[in-house]
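# the sequence and its predicted three-dimensional model are supplied below.
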Amino acid sequence: MSVKIVSKKSNRWIVNFMMAVGLIAFLGLGTLPFWNMPKETAGGSSAITPASAQDNSLEREKLEAEARGYELVVQREPGNATALRGLLDTKLKLNDLPGVIAALEKLVELKPEQKDYPILLAQAKQQNGDREGAAAVYRQILAASPGNVKALQGLVNLLLVENSPEAAIGLLSDTLKAAEQTNQIEPGSVNVVSVRVILGEVYASLGRYAEAIATYDEASKADPQDFRPLLGKAIVLQKQGKIEEASPLFASATELAPSQYRDRILELAQTPEPQGSEATTETSETEATESEATTEVTETEATTEATETEVSE
């Protein structure tokens, strides 16, 4: 069977995926699986017709055939990174988590210079229910790169899911304490503003608003041109019902933010204040997630060119 090896252009999938994750979170949809999910009708049920079922079956057979082809290439050439990337892409489309994890593990070993593969591996392990394995991957990344924002955000999210907020706060606080020394050894390796933004989000998600605001203020002092601390603080003030204080911050965040995020910030600024403590509790984590994605989106955009260069061969 012939196998069509992916081109340099198709190698952009990893860049597009990392940016999509950040954008999805910023739009307030939370953390979503990075493989295809069944589409639903407006009524909430899956719209499966005989014709669409047949089309889906044919598409799946085609993808499975492609996967087998890539697997044959990898068996003959274990070091063929292009075939492994093609296999990974196909396994993603098939929603085959074990296959995704297996391909990523090989790519992590084969291409250690590609920093996004371990992040994808940790996310896949977590989605597959292996939180311990995901945490181990994140910690391995941070042991080598203490300022890796994607790994920090991923591990923090994992700790929060496991109801370990103090561990998340400790992780971020320790990173900030060591930032000056770390940046002396490797300049720019820890983005202090990004770490403070994540810490502010954690405080906000816990309802510790005074600490969240203080953390966002420190981040803004470090970089007055960064829209993320302003947006985070505005959301916290809005949740507290301090609309007049929040409005100018939303306006400043909109002005400073990249153009593709301005409409969403304007929507957030118009979000009505939830009524009652119950509504506040229900919305706190979602709104914190909306703010947290600005960390990942901004960091991803800053590294997109470098990532594309590393992935393309």
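Received, thanks.
# which residues of this structure score low on pLDDT?
By pLDDT under 70, the low-scoring segments of the chain are 1-54, 271-313.
# and the helices in it?
For the chain, the helices defined by DSSP state H occupy 13-26, 50-76, 81-93, 97-110, 116-127, 131-144, 149-161, 165-185, 192-205, 209-222, 227-239, 243-256, 259-269, 276-311.
# next, format those helices as JSON lines and append mean neighbour count.
(Each C-beta comes from the backbone N, C-alpha and C, glycine too.) Listed next are the helices of the chain as JSON lines, based on neighbours: other CB atoms under 10 Å:
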{"stretch": "helix 13-26", "mean neighbour count": "19"}
{"stretch": "helix 50-76", "mean neighbour count": "14"}
{"stretch": "helix 81-93", "mean neighbour count": "22"}
{"stretch": "helix 97-110", "mean neighbour count": "18"}
{"stretch": "helix 116-127", "mean neighbour count": "23"}
{"stretch": "helix 131-144", "mean neighbour count": "17"}
{"stretch": "helix 149-161", "mean neighbour count": "22"}
{"stretch": "helix 165-185", "mean neighbour count": "15"}
{"stretch": "helix 192-205", "mean neighbour count": "25"}
{"stretch": "helix 209-222", "mean neighbour count": "19"}
{"stretch": "helix 227-239", "mean neighbour count": "26"}
{"stretch": "helix 243-256", "mean neighbour count": "17"}
{"stretch": "helix 259-269", "mean neighbour count": "16"}
{"stretch": "helix 276-311", "mean neighbour count": "18"}
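# for residue 165, see how far away the nearest residue to residue 211 once chain neighbours are set aside is.
Closest residue to residue 211 apart from its sequence neighbours, by CB to CB, 6 or more residues apart in numbering: residue 203 at 4.3 Å. Distance, residue 203 to residue 165, by CB to CB, to the nearest Å: 9 Å.
# likewise residue 210?
From residue 210 to residue 165 the distance is 16 Å (CB to CB).
# which ones are touching residue 247?
Residues near residue 247 by CB atoms under 8 Å, 6 or more residues apart in numbering: 234, 269.
# could you rerun that using 7 Å?
By CB atoms under 7 Å, 6 or more residues apart in numbering, the residues touching residue 247 are residue 269.
# residue 80 against residue 72, yeah?
No - with contact defined as CB atoms under 7 Å, residue 80 does not reach residue 72; the gap is 10.8 Å.
# just list the residues touching the nearest residue to residue 71 once chain neighbours are set aside, thanks.
Once flanking residues are discounted, residue 71 sits nearest to residue 87: 6.4 Å by CB to CB, 6+ apart. Residue 87 is in contact with 67, 70-71, 74, 103, counting by CB under 7 Å, 6+ apart.
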